[in-house]
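Trainee: with the input below, show me the fold.
(2 chains)
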Amino acid sequence: MTTHTSYPQSADALRASDRTARPGATAGQRKLGGVAGWVDDRTGAGKGVGYLMKKVFPDHWSFMLGEVAMYSMIICLLTGVFLTFWFVPSLGHTVYDGSYAPLKGVGMSEAYASTLNISFDIRGGLLIRQIHHWAALMFVVSLSVHMMRVFFTGAFRKPRELNWVIGSVLALLAAVEGFAGYSLPDDLLSGTGIRAMNGFMQSAPVIGSYLTYAVFGGAFPGEAIIPRLYSAHVLLIPAILIGLFTAHIVLVAVQKHTQFPGPGRTNDNVVGYPVMPVYAAKAGGFFFIVFGILALMGALFQINAIWAYGPYDPSPVTAGSQPDWYMWFTDGALRLLPGWLEFETFGFTWSMNIFPGSLLLLPLVYVLLAIYPFVEAWATGDKREHHLLDRPRNNPTRTAIGAAAIAAYTVLALACTNDIIAIKLHMSINDITIALRILLFVLPPIVFWVTKRICLALQAYDRDTVLHGRESGRLVRTAEGRFFEAHEPLDEYTRWKLVQQEIPQPLELESGVDANGVRSPKGKHAALRSRLSNFYYRDRVDAVTPSELEAAHHDGHGHEAIEPHDAPASVGTSAHATEDDMRS
Amino acid sequence: MSERHTPSPGSGPADEFGRDAVRLDEGHIEGTGGLPDRFENPGLPPHVARKADLDEKAAKRAEKQVVGLFTLSILATLGFIVAYFAFDPRQQVFVPFIGRMSASNLTLGLGMGLSLLGIGLGAVHWAKTLMPDEESVEMRHPMRSEDEAREGVAATFLNGAEASQLTRRPLLKAAAGTALGLFAVPPLLQVAGSLGPLPHDELSHTFWDGEKEGENKYAFTKPRLVRDPENTPIKATDVTIGSVYHVLPAGLLDLEHGVLEEKAKAAVLLIRLNPGDFADNELGRKALDWSHEGIVAYSKICTHVGCPVGLYEQTTHHLLCPCHQSTFDVTQDCKVIFGPAKRALPQLKITVDDEGYLIAEQPFKEAVGPSFWERG
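Mentor: This is a model prediction of the structure:
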């Protein structure tokens, strides 16, 4: 048996230590009196709370993006609970008798009628409804931008891959939750959205019609879909969201927040402000700011005027029917997929013009997001923990991949607005659609290349600044009559930010054995890895070293004296001509 | 770990967390003439005090600003309470640049928003001006547990497995594993099996087919075409060239149950074209043949994902689905001329009865609406 202390001791040993614990408790009680002392006596929470209150968080504006997402979600939960008091999740038939005159006497579902009541007859109901919808949009916007921040700064690297995966699932669930939510009022617009969802499901190979009959409890629209979406929207998905969100936050606390590189900031410290009092005030106050802004939006900006659409009916439709923005990309994909992709084999229909753009694309995007950290880590061959963020320029390939992905996403999202673009800009919708089809394939590679070049150029610019100092704006005339702008050397704090990065080397093709003398699985696997690694890190601009700076100082003092071309050869171990061009 | 980063001998900064120390058995370390290989972290820059730290007047000013913001919040809360009782939800008010809106919503929202913003801005301003702004440093520790603890956990589980005799009794292990693997089946079967009925032939038939007599057997009665929502039959002579009607089979709107379900499949667009407008090809001739003197009836349910094909361009005779812009050419039997739909809109063959009212001569000859696997 083991002698490790983690192995349970016998019960007697535990009792023995009970008695000794008491005097300490009374001592603590004097300082931590009242209710807090009472609670600590019973839970021992004092130690943990004390630790949390002293916890240090680094400061940066971009770290607030996740906070906005968190607060928007909480505001959705709060306002959502309010809405459940009045919303009736039923497709039962009723005749409207509320105070909105244009719809008086019109037959509609109880869901729609109760949403009208919330909007017109419940005091403050419209405000809560509008805050709820704006907060939902804010939630998805802020979590998306938060994800971009995490991506472009490499915050997803070890040990945070798991939290990135949790975040990806949260992002997907947020979109699904949003869809379920805006489908509930059963107005003409949301009903048309559900109709399209019905079509998506029906397009699934083999199981399509069974799937729709299961989800809708029979033929479309039936009477089951709203109660079911409601159950998913207020119970199932929020429960998962809150669970994953809690794990997300706990991991942030356990792993401690990442920080941007800077003087005094290292990979094994965290520099910032303690929760008590600074972050309690800042982050706590920020919740009120987010809520306040959403309340102002609810007051001033109308959102989803369901009364203007009328009740759902499968026959009429309004032009310009669109989902909320976070579903644009899949709806856009459906508009771009050409019809000829549908085909039949042996009397069975493969709706490849629908299925890939709807049921497949939505989860696929988030799966691709979730696996990215593992792909990059594999290509980098990196097993270290990273707590210092990358400046996006210092990992040009990653930044370019992200920008290209955003470009593709944007094309798909724009495709969802092709009819609006056509009307507003008086263009042919066919031309717009065809142009977007082409752009979907052409734009991402262009964006990738341009972004990567910009990053490399910015790195080269950083080198130049370190080697030659910053432009002082002071013109100097030499004795011979030449003019030059005096450059001032950087102070060591400013310089550190520009020289701290360590850019990984591309992995060489491995030889027969690895470092431990074990034969590694050879062949295509290793070759692919080496190729991928080269794709990431072959084009490189390394940080200035002290000796390079020394050499630059010795070689001359004016900027012209040291053109970047003259920089020591170690600038790039395998620098390409193009980079040298960019540096000039 | 089979690959390693280029060693940077000489630097080996202690602050590079988790990094392997420089190893002397990996080859030469080339000196660089006394200069380190990398710059060294200069440490935290000197702290710059804020105005409020140095000047009691500035601190007082900051305090007043914070108090002002909290006061704004209190006033806004009071405003909210007043507005709650003062305004009827139906009362409208004109707001410059925005337009007419609910006075209640506006005042409640402004009150609530300012009440929250006052607290938030006050707290943040307080933190930024009066609370300590000297940065603190906390050390990180590797995420992984100490080796000893890891071994301890592994030992705990191994010992547990051994103590439970799991390792010695494979049959027990297999039985427990199988039982655990299967326990989710009953609840899953319950939910998957009971969510909805099987579709049978429902997706392939519409209300136009008539009363259902059995699987794929319907009593077709040549129903009249009626206007939606007026529920009145249509005389062929009333349909002028260029007009469009939303049409349903007679009897559908009189159903007690399932009106929307039947409508979602049976909705039809009725359009009258000049017979000369039809394309002079096989498609055009078929469309004209199934029409009544140029009056054609087509399923209104898009063959893409089922939105109603709601937009008709009179000049080009194109039907456009507003959801995903599939475009159908009425003069060519509603074949797809653009967009993501594959199949033409199914045509309903129509004629007139003795009284001159339009009737369906036969039900739809194919499934209407979005594609599905077994539609054939």
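Trainee: alpha carbons only for contacts and neighbour counts from here, please
Mentor: OK.
Trainee: what sits against the closest residue to B:Ile234 other than its chain neighbours?
Mentor: Of all residues not flanking B:Ile234 in the chain, B:Tyr357 sits nearest, at 5.4 Å (Cα to Cα, 6 or more residues apart in numbering or on different chains). Neighbouring residues of B:Tyr357 by Cα atoms under 8 Å, 6 or more residues apart in numbering or on different chains: B:Arg224, B:Leu225, B:Pro233, B:Ile234, B:Lys235, B:Ala236.
Trainee: tell me how many other residues crowd the closest residue to chain A within the stretch 151-300 of chain B.
Mentor: Relative to chain A, the nearest point of the stretch 151-300 of chain B is B:Gly196 (3.9 Å; Cα to the nearest Cα). For B:Gly196, the neighbour count with other Cα atoms under 10 Å in any protein chain shown is 19.
Trainee: redo the contacts of B:Tyr357 as CSV? Include pLDDT, secondary structure and neighbour count.
Mentor: Formatted as CSV, the contacts of B:Tyr357 follow (pLDDT from 0 to 100; DSSP: H, G, I helix; E, B strand; the rest coil; neighbours: other Cα atoms under 10 Å in any protein chain shown):
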residue, pLDDT, secondary structure, neighbour count
B:Arg224, 94, strand, 25
B:Leu225, 95, strand, 27
B:Pro233, 95, strand, 19
B:Ile234, 94, coil, 19
B:Lys235, 93, strand, 17
B:Ala236, 92, helix, 19
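Trainee: tell me where the chain is predicted with low confidence.
Mentor: Since you didn't name a chain, this refers to chain A. Counting by pLDDT under 70, the ranges of chain A that qualify are A:1-31, A:510-523, A:555-584.
Trainee: the chain in question should be chain B.
Mentor: In chain B (pLDDT under 70), the answer is B:1-33.
Trainee: picking that back up, what helix or strand is the residue of the stretch 151-300 of chain B closest to chain A on?
Mentor: Using DSSP states H and E, B:Gly196 sits within no helix or strand.
Trainee: can you map out the helices along chain B?
Mentor: Here chain B has its helices, by DSSP state H, at B:51-54, B:56-86, B:103-129, B:147-163, B:170-182, B:185-194, B:259-266, B:282-289.
Trainee: if we can go back for a sec, for the residue nearest to B:Ile234, give the beta-bridge partners.
Mentor: The bridge-partner assignment for B:Tyr357, based on DSSP bridges, gives B:Lys235.
Trainee: for A:Leu229, see how far away it is.
Mentor: Noted for B:Tyr357: a distance of 43 Å to A:Leu229, by Cα to Cα, to the nearest Å.
Trainee: that older thread, what's the most buried one of the helices of chain B?
Mentor: helix B:103-129 (a mean of 25; mean count of other Cα atoms under 10 Å in any protein chain shown).
Trainee: how about that helix against chain A, any contact?
Mentor: Yes - using Cα under 8 Å from any Cα of the partner chain, we find that helix B:103-129 touches chain A at B:104-110, B:112-117, B:119-124, B:126-127.
Trainee: what count of nearby residues applies to A:Leu425?
Mentor: Using other Cα under 10 Å, A:Leu425 has 9 neighbouring residues.
Trainee: please apply the same query to A:Leu162.
Mentor: The tally of other residues near A:Leu162 (other Cα under 10 Å) stands at 16.
Trainee: sec struct for it, please.
Mentor: Following DSSP: H, G, I helix; E, B strand; the rest coil, A:Leu162 is assigned to helix.
Trainee: of all the helices of chain B, which lies closest to A:Pro323?
Mentor: Counting by Cα to Cα, A:Pro323 lies closest to helix B:259-266 out of the helices of chain B; the figure is 20.3 Å.
Trainee: what's that closest one packed up against?
Mentor: Contacting helix B:259-266 under the criterion 3 or more Cα pairs under 8 Å, 6 or more residues apart in numbering or on different chains; DSSP states H and E are the following elements: strand B:244-249.
Trainee: what's the strand it packs on in contact with?
Mentor: Residues contacting strand B:244-249 (Cα under 8 Å, 6+ apart): B:207-208, B:223-228, B:263, B:266-272.
Trainee: can you name the residues that contact residue 202?
Mentor: I'll assume chain A. Counting by Cα under 8 Å, 6+ apart, A:Gln202 touches A:Gly208, A:Ser209, A:Tyr210, A:Leu211, A:Thr212, B:Pro370, B:Ser371, B:Phe372, B:Trp373.
Trainee: that answer is for a different chain, and I need it for chain B
Mentor: Neighbours of B:Glu202 in contact, by Cα under 8 Å, 6+ apart: A:Ala219.
Trainee: against A:Ile225, how distant is it?
Mentor: From B:Glu202 to A:Ile225 the distance is 18 Å (Cα to Cα).
Trainee: can stretch A:452-471 be found next to chain B?
Mentor: No - counting by Cα under 8 Å from any Cα, no contacts exist between stretch A:452-471 and chain B, the nearest distance being 11.5 Å.
Trainee: an error on my part: the question was meant for stretch A:69-82.
Mentor: No - judged by Cα under 8 Å from any Cα, stretch A:69-82 stays clear of chain B, getting no closer than 12.3 Å.
Trainee: name the surrounding residues that touch that stretch.
Mentor: With Cα under 8 Å, 6+ apart, stretch A:69-82 has contacts from A:128-129, A:131-133, A:135-136, A:138-143, A:146, A:234, A:287, A:290-291.
Trainee: filter the residues you listed down to the ones in helices?
Mentor: Judged by DSSP H, the contacts of stretch A:69-82 include A:128-129, A:131-133, A:135-136, A:138-143, A:146, A:287, A:290-291 as members of helices.
Trainee: quick check: phi and psi on A:Trp378?
Mentor: With angles defined as degrees, to the nearest 10, A:Trp378 sits at phi -70, psi -40.
Trainee: helix or strand for A:Ala408, which one?
Mentor: Using DSSP H and E, A:Ala408 maps to helix A:396-415.
Trainee: pull out the buried positions in that helix.
Mentor: A:396-405, A:407-415 (16 or more other Cα atoms under 10 Å in any protein chain shown).
Trainee: so which of the contacts of stretch A:69-82 reach chain B?
Mentor: Okay, of those touching chain B (Cα under 8 Å from any Cα), that's A:Phe287, A:Val290, A:Phe291.
Trainee: who wins for neighbours among the residues you listed?
Mentor: For these, the largest neighbour count, defined by other Cα under 10 Å, is 26 neighbours, found at A:Phe291.
Trainee: is chain A contacted by stretch B:271-282?
Mentor: No - Stretch B:271-282 does not reach chain A (Cα under 8 Å from any Cα); its nearest approach is 15.7 Å.
Trainee: how long is that stretch end to end?
Mentor: Stretch B:271-282 stretches 20 Å from its first residue to its last (Cα to Cα).
Trainee: how about stretch B:307-318?
Mentor: 16 Å.
Trainee: surely B:Leu44 touches A:Pro263?
Mentor: Yes - B:Leu44 is within contact range of A:Pro263, at 5.2 Å (criterion: Cα atoms under 8 Å).
Trainee: chain center to the longest strand along chain A: distance?
Mentor: If you go by DSSP state E, chain A has its longest strand at strand A:470-477. Between the centre of strand A:470-477 and the centre of its chain there are 43 Å (Cα atoms, centre = their mean, to the nearest Å).
Trainee: what residues sit buried inside the helix or strand just after it?
Mentor: Downstream of strand A:470-477, the first helix or strand assigned by DSSP H and E is strand A:483-488. Across strand A:483-488, burial judged by 16+ other Cα under 10 Å covers A:Ala486, A:His487, A:Glu488.
Trainee: and residue 145, how many neighbours?
Mentor: Here I'm looking at chain A. For A:Val145, using other Cα under 10 Å, the count is 15.
Trainee: wait, I meant chain B there
Mentor: Around B:Ser145 there are 10 residues (other Cα under 10 Å).
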